[in-house]
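Trainee: need a 3D model of the following:
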Amino acid sequence: MMWDPILKKFERKLSCWKVNRYSPSGRIMLIKSVLSGLPNYFMYLFHIPFIVKEKVDKIQRKFL
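Mentor: Reported below is the predicted structural model:
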């Protein structure tokens, strides 16, 4: 799947961040500012399938 590198990048970014260091509002800000911007380039070029959108949302929810 062509979206696998984006999903792996999400997981790599999150593995570096320690959940305990951030307050819930800090984690939300981090997700909105950094993680939400990662797939934008690819979404401009290609239509994102619904299943990929759901996987990205699941990764973000898991971090919260």
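Trainee: next helix or strand past the helix or strand of the chain with the lowest mean pLDDT?
Mentor: Least confident helix or strand, the chain: helix 40-45 with a mean of 71, by mean pLDDT, DSSP states H and E. Where DSSP states H and E defines the elements, the next helix or strand beyond helix 40-45 is helix 50-63.
Trainee: what about that following helix, average pLDDT?
Mentor: Average pLDDT, helix 50-63: 82.
Trainee: for it, list every residue counted as buried.
Mentor: Neighbour counts using 16 or more other C-beta atoms under 10 Å place 52, 55-56, 59-60, 63 of helix 50-63 among the buried residues. Just so you know, the C-beta spots here come from the backbone N, C-alpha and C atoms, and that holds for glycine as well.
Trainee: burial of Ile28, as a residue count?
Mentor: Ile28 is flanked by 14 other residues according to other C-beta atoms under 10 Å.
Trainee: what's the closest non-adjacent residue to it?
Mentor: Using C-beta to C-beta, 6 or more residues apart in numbering and skipping residues adjacent in sequence, the residue nearest Ile28 is Leu64, 7.0 Å away.
Trainee: OK, contacts around the one you found?
Mentor: Going by C-beta atoms under 8 Å, 6 or more residues apart in numbering, Leu64 touches 24, 27-28, 31.
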